[in-house]
Every structure is written in structure tokens, then in C-alpha cells.
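Chemist: Here you go, sequence then predicted model.
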Amino acid sequence: MSTAALDMIFDALFTPYKTRVPDVEKVTKAMVSHAIIKDESEIVNDHIAFRTLGVPNLGVTSFEKIFLHYGYTKKDYYYFEGKKLDAYWYAPPQPHYPRIFMSELRVQDLSDKAQEIIRRYTKDIVSDPVDALDLDDPEAVGEFFHKSLWELPTAADYNALAQESEYAAWVIYNRYYLNHYTISVHELPDDYNTVAKFNTFLESIGIALNTSGGKIKTSADGLLKQSSTIAKMMEAEFADGSTMEIAGSYVEFAERLVFPEYKDLPKEAITRQHRRDGFESANADKIFESTYNEQTLKGK
Ligand code: OOG
Ligand code: NI
């Protein structure tokens, strides 16, 4: 297991992500021009997220093999009844790597019609495609994220899925593209080190925030606060040759507060283990909606 290879895998994910989501660069540039950071390398990436389809040979049990191979540890399970999703988070092999949030559509819970569409696109995947990958080859893994495992959908199939599950429509088109990366705001200078303060900054530079459940999503223990941008709309071409604007990826912001038992520690002594870890279902439930029409169509 080489960490240089893991660095290459993250690079392969971030290059297309930055092109697809102009807000990434917009935020970074504004952070530099407001002297919040000197350069991009100072940004701490709290976590990244992927979406998958729960059908044989795909889903979390397939996709997670990539990151388990690189030393990630599977942690807590989350269930989203309304959105028909399961999810897990994964702790990194070393603290400077991001956590991973990986979700999966509970395809068996959808209507027969939506199941038929998903199974039609994925029926030819008769073995786990990750098993065919040389996981030690970062270039092959980097290509895998962006390669088509199934045919491009028709606009009719995309729209039929979106009616029932906007998550399903997102994955059938965007596949394993990076869904978001997350800036750790508690690592920033005092004037910007809470989600509330950082949201004010984001709105001052013209970033539109996801308002589902309020702009700030707070965990029950009050120790995990999150906000996110509204996904970038992208011109998508469908199998029938038609084009339509659909949701791409977005950016998230997280504030992990120090556990009460460490509240008297000097600032310099505070590291990752002193702060709230993991995720929160109620927060996540609203963050998923960063790619949903109710958010992306706002102001249109
Ligand atoms: C993931 C939404 C949840 C979080 O940090 O709780 C999430 C997604 O949109 O796929 O990112
Ligand atoms: Ni997230």
C-alpha cells in the first residue's frame, strides 16, 4: 500500500471535479484574496463523498474495495428512509487524508418502473468491476472513476428516474464522479472559523447556499455544523441526442467543534481526535438535496 498512489488517486478525482464545479476555484481564489489562506494547499479537506447504485456487483460493497485497499476503515452506518438510501463513512489511513462518505440507493425499495430502468442499464454488469481493477495502479483507478460502466441514459429514462428519486437520476448520469469535497472551516483564522461566519463570507462573494433545513445544518449534540453550495447545473447530452441542464457536483463546509471534555485545551494542542468525528443523518439528509431541483432551480 503506497500513499503516493493514494495521492495520485485523489488528484485524478479532483482534476475533473474542479472543471465541473467552478465554485471550487471561486471560493479558493476569494479565500486567498481575502488573506484567509496563502494558497490552496492550506485548505483542510474534511471529507469527500460518492454515490452508488444498490444492484448486484455495484454499490458500496463494490466501490468501498478501492478505499479499503488503501487503508480506509469502515465506520458508522446511516439510513435515509425517505430518500431510500444507505450510507457509511470511512476513516482515513492517516489524518491528513479526507474522510469518505459513501451512499447507496436502495434500488429494491423503488417502484417497479424505476427498478426496471436501473436494472436495464446495469444488467450486463455480471461481475464486480472493481475486482477486475489493479488497485495498486493509481492510473487505472483514476480512470475507473470516470469510465462508463453502463450506457448513457436517454432523457426519458433520466426524467422518469428523477420523478421518483433525484439521487437515482444523478447517479445514472454522473456515476462515480466526485460528488463534493468539504472545507474544514474550524481550521481557518478566527474571523472565518465557524460555518456561520464562513457562510457570510460565501454569500458576500456570490455563492448560493443550499437552504434545505436552513443554511446551517447542526447535529443533535451541537458539535457538527455543515453547509453546502447548490450543485452546478451542467449541460448534459443524452443517449437520444437531446440535451438538458442537470445537476452536477457541489462544495461543502464543515465545522467540527471540540468535545466538552477538551474545552480547556490550548488551541495549539487541539487535533482531530479532540473534535466531533463522523457524520449526522439529519444533516446529511438535507445536504443530499444540494443536487435536488428544489435547490438547483431556485431563482430560475
Ligand atoms: C452526500 C450528502 C451527505 C454529509 O456530509 O453529511 C453529506 C451526497 O450528497 O451524496 O455529504
Ligand atoms: Ni458531505
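Modeler: Sure thing, it's come through. Numbering: from 1, shown residues only. Ligands and ions are numbered 1, 2, ... in the order given.
Chemist: Can you give me the buried ones in stretch 23-37?
Modeler: Buried residues in stretch 23-37, defined by neighbour count with 16 or more other Cβ atoms under 10 Å: Asp23, Val24, Lys26, Val27, Thr28, Ala30, Met31, Ile36, Ile37. For glycine as for every other residue, the C-beta is placed from the backbone atoms N, C-alpha and C.
Chemist: Just to be sure, which of those are found in helices?
Modeler: Residues of the buried residues of stretch 23-37 located in helices (DSSP state H): Asp23, Val24, Lys26, Val27, Thr28, Ala30, Met31.
Chemist: For the last one, report the pLDDT, please.
Modeler: Okay, so that is Met31. In the prediction, the pLDDT value recorded for Met31 is 98.
Chemist: where does this protein have low pLDDT?
Modeler: Judged by pLDDT under 70, the chain has its weakly predicted residues at 1-2, 299-300.
Chemist: Smallest gap between it and ligand 1, at which residue?
Modeler: Nearest residue of the chain to ligand 1 (Cβ to the nearest ligand atom) works out as Ala284 at 3.2 Å.
Chemist: Thought Trp89 was touching that residue, still the case?
Modeler: No - Ala284 is beyond contact range of Trp89, at 9.5 Å (criterion: Cβ atoms under 8 Å).
Chemist: mind listing what Ala196 touches?
Modeler: Listed by Cβ atoms under 8 Å, 6 or more residues apart in numbering, the contact partners of Ala196 are Ile216, Lys225.
Chemist: Next one: it relative to ligand 2, how far apart?
Modeler: Distance, Ala196 to ligand 2, by Cβ to the ion, to the nearest Å: 18 Å.
Chemist: secondary structure element for that residue?
Modeler: Assigned by DSSP states H and E, Ala196 belongs to helix 195-204.
Chemist: what residues does the very next helix or strand once past that helix touch?
Modeler: Counting by DSSP H and E, the next helix or strand C-terminal to helix 195-204 is strand 217-218. With contact meaning Cβ under 8 Å, 6+ apart, strand 217-218 is reached by Leu224, Lys225, Gln226, Ser227, Glu280, Ala282, Asn283, Lys286, Ile287.
Chemist: hmm, 6 Å instead?
Modeler: Residues outside strand 217-218 that contact it (Cβ atoms under 6 Å, 6 or more residues apart in numbering) are Lys225, Gln226, Asn283, Lys286.
Chemist: May I have the strands that pair with it, each with its orientation?
Modeler: Using DSSP bridges, the strands paired with strand 217-218 are strand 224-228 (antiparallel).
Chemist: Does the strand it pairs with reach ligand 2?
Modeler: No - counting by Cβ under 5 Å from the ion, ligand 2 is not contacted by strand 224-228; separation bottoms out at 6.8 Å.
Chemist: Run through who's touching that strand.
Modeler: 195, 199, 209-210, 215-218, 250, 252-255, 276, 280, 283, 287, 290.
Chemist: Can you pull the residues of this protein lying near ligand 1?
Modeler: Contact residues (Cβ under 6 Å from any ligand atom) of the chain with ligand 1: Ala49, Arg51, Phe101, Ser103, Asn179, Gln226, Glu252, Phe279, Asn283, Ala284, Ile287, Phe288.
Chemist: how near is the closest residue in space to His186 that isn't next to it in sequence to ligand 2?
Modeler: Sequence neighbours aside, Glu255 is the residue nearest to His186 in space, at 5.0 Å (criterion: Cβ to Cβ, 6 or more residues apart in numbering). As defined by Cβ to the ion, Glu255 lies at a distance of 13 Å from ligand 2.
Chemist: Help me confirm that Glu255 is found in a helix?
Modeler: No - applying DSSP: H, G, I helix; E, B strand; the rest coil, one finds Glu255 to be strand, outside a helix.
Chemist: Hmm, Ser184 and it touching each other?
Modeler: No - with contacts counted by Cβ atoms under 6 Å, Glu255 stays clear of Ser184, the gap being 7.8 Å.
Chemist: Those two - which one has more neighbours?
Modeler: Glu255 (26 against 19; other Cβ atoms under 10 Å).
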